[in-house]
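*Asks:* Let me see the structure of the following:
(chains A and B)
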Protein chains: 2
Amino acid sequence: MRRVADDIPAYTYGGAETARSAVTLEELEDLKVTVGFTSDDRGFLHMAGEVLADQTEQIVAHWRSGIIASIPNLARHSRSLDGNPIPQYVARSNLRFEQWILDTCFRSYDQDWLNYQQEIALRHTGFKKNKVDGVHSTPYVPLRDIVAFVAVINDTIKPYLAAKENTVDEVEAMHRAWCKSLQLQIALWARHYTDVTKSNSEW
Amino acid sequence: MRRVADDIPAYTYGGAETARSAVTLEELEDLKVTVGFTSDDRGFLHMAGEVLADQTEQIVAHWRSGIIASIPNLARHSRSLDGNPIPQYVARSNLRFEQWILDTCFRSYDQDWLNYQQEIALRHTGFKKNKVDGVHSTPYVPLRDIVAFVAVINDTIKPYLAAKENTVDEVEAMHRAWCKSLQLQIALWARHYTDVTKSNSEW
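*Replies:* Purely as a prediction, here's the structure:
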């Protein structure tokens, strides 16, 4: 599997320390039908992965330094509680953010992928945020900010998809497949946020 | 304000029977910043409204009869519990679905809009689904299906945006503004689903 680096801190994809997802493969299949995810989309995501593979560092820098850093409401989630930068936290999570781009494009959406989707979600909630990196930052990232920021991710990824030799139609098809995958992923991530046994809303 | 019909059943936008949103205007402003919603987007949504206004019936028929009806997992939400069609329910909610297209494009995203976003969300949850139409159908629409189906809505709206005399750049800009608005709306709708005082998850 394609990796952005040999050592990606706390990247536990496929590992035994990643718990089994509470979402079933059947529920995942239903969600694929709902977003209209086809084998063509699978192919275009793979094409997107080839296009994006050598641009992941630039893309994540664009999102993190170019956009998130200037929105205080979002930037705080990678800072200390008194607002100071935590460079190591950003470096570690940026590398996982880069790898997430490749995983979105290249991974089969199977049990391991489902498990890691849950892991990603939990690491944004009070259940696990900060823990794998041993930092003191905000206790969780509100679901609404994740949902909303996906609009920016979808919008800003397009020029990177168009940066190589692909036709306009290929770029459109890659982008469509990307957007379907992202919507599928938000749907999965939302699960833990809707858990009524939580002690407080992380909306 | 533009309406798809003089009489839209149970369309209570701006009315006293629509409760005040639990989301504040400040939270809404923060969300607009997060999705990157600008005054340009506001203008392009208005342009989109002009383009879509005489196509809303066709668009909603496309979504409802052309797509949802053939996905059992989604179609059940507008049927009786034993799976029979409820034509009046579909007719009433289709008209509101059409009006929602216009409201997305033409309304100011202010307190009334925020209140009606909450009303829309509640009518998809166990709190209010079926009630305004006096029908017996599924108790709620799972959040994950709403999030996932937005990918289809965003994808299928594009040819309708391109159906008039607009330039390719205008169509792109209208579509970008539409997608931002939809992501903003999902973020708002998610609030009630993350309420930890609910008796069961409606993920």
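*Asks:* For chain A, which segments are assigned as strands?
*Replies:* Listed in chain order, chain A contains no strands at all (DSSP state E).
*Asks:* for it, which helix is longest?
*Replies:* Using DSSP state H to define each element, chain A has its longest helix at helix A:168-193.
*Asks:* how about that one: buried residues?
*Replies:* Buried residues in helix A:168-193, defined by neighbour count with 16 or more other C-beta atoms under 10 Å in any protein chain shown: A:170-193. (Glycine included, C-beta is placed from N, CA and C.)
*Asks:* swap in stretch A:70-89?
*Replies:* A:71, A:74, A:77, A:78, A:79, A:86, A:89.
*Asks:* now swap in stretch A:158-169 and tell me
*Replies:* For stretch A:158-169, by 16+ other C-beta under 10 Å, it's A:158, A:160, A:161, A:162, A:166.
*Asks:* Which one of the residues you listed is nearest to residue A:128?
*Replies:* Residue A:128 lies nearest to residue A:160 out of the buried residues of stretch A:158-169, by C-beta to C-beta, at 29.2 Å.
*Asks:* Run a quick neighbour tally on residue A:144.
*Replies:* 25 (other C-beta atoms under 10 Å in any protein chain shown).
*Asks:* Hmm, it is touching residue B:187, no?
*Replies:* Yes: with contacts counted by C-beta atoms under 8 Å, residue A:144 reaches residue B:187, the gap being 4.0 Å.
*Asks:* anything in contact with each of these two?
*Replies:* Overlap of the contact sets of residue A:144 and residue B:187 (by C-beta atoms under 8 Å, 6 or more residues apart in numbering or on different chains) consists of residue B:31.
*Asks:* In TSV: the buried residues of stretch A:158-169, plus pLDDT and distance to chain B.
*Replies:* Converted to TSV, those look like this (pLDDT from 0 to 100; distance: C-beta to the nearest C-beta, whole Å):
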residue	pLDDT	distance to chain B
A:158	98	9
A:160	98	16
A:161	98	14
A:162	98	12
A:166	98	17
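*Asks:* Just the closest of these to residue B:118, please.
*Replies:* residue A:158 (32.0 Å).
*Asks:* Which residue, other than its chain neighbours, is closest to the closest one?
*Replies:* residue A:175 (5.5 Å; C-beta to C-beta, 6 or more residues apart in numbering or on different chains).
*Asks:* Let me know the pLDDT of the one you found.
*Replies:* Listed pLDDT for residue A:175 reads 98.
*Asks:* who's in contact with it?
*Replies:* A:154, A:157, A:158, A:161.
*Asks:* And the residue nearest the centre of chain A?
*Replies:* Nearest residue to the geometric centre of chain A (C-alpha atoms, centre = their mean): residue A:100, 5.3 Å.
*Asks:* That one against residue A:119, yeah?
*Replies:* No: taking contacts as C-beta under 8 Å, residue A:100 lies outside contact range of residue A:119: 11.1 Å.
*Asks:* The nearest residue to residue A:106 once chain neighbours are set aside: how many residues sit nearby?
*Replies:* Excluding the flanking residues, the one nearest residue A:106 by C-beta to C-beta, 6+ apart is residue A:49, at 4.7 Å. Residue A:49: 19 surrounding residues under other C-beta under 10 Å.
*Asks:* Looks like residue A:49 contacts residue A:107 (just checking).
*Replies:* No: between residue A:49 and residue A:107 there is no contact, the gap being 9.3 Å when judged by C-beta under 8 Å.
*Asks:* Common neighbours of those two, please.
*Replies:* With C-beta under 8 Å, 6+ apart, residue A:49 and residue A:107 have no common neighbours.
*Asks:* burial count for the closest residue to residue A:96 other than its chain neighbours?
*Replies:* Leaving aside its sequence neighbours, residue A:96 sits nearest to residue A:11 (C-beta to C-beta, 6+ apart; 5.6 Å). Neighbour count for residue A:11, taken as other C-beta under 10 Å: 21.
*Asks:* before we move on, the earlier item: list, out of the buried residues of stretch A:70-89, those positioned next to chain B.
*Replies:* A:71, A:74 (C-beta under 8 Å from any C-beta of the partner chain).
*Asks:* Closest one of the buried residues of stretch A:70-89 to residue A:132?
*Replies:* Closest to residue A:132, out of all of these and judged by C-beta to C-beta, is residue A:89, at 10.2 Å.
*Asks:* for the residue nearest to that closest one when sequence neighbours are not counted, what are its contacts?
*Replies:* Among residues not flanking residue A:89 along the chain, residue A:135 sits closest, at 4.6 Å (C-beta to C-beta, 6+ apart). With contact taken as C-beta under 8 Å, 6+ apart, residue A:135 is in contact with A:80, A:86, A:88, A:89.
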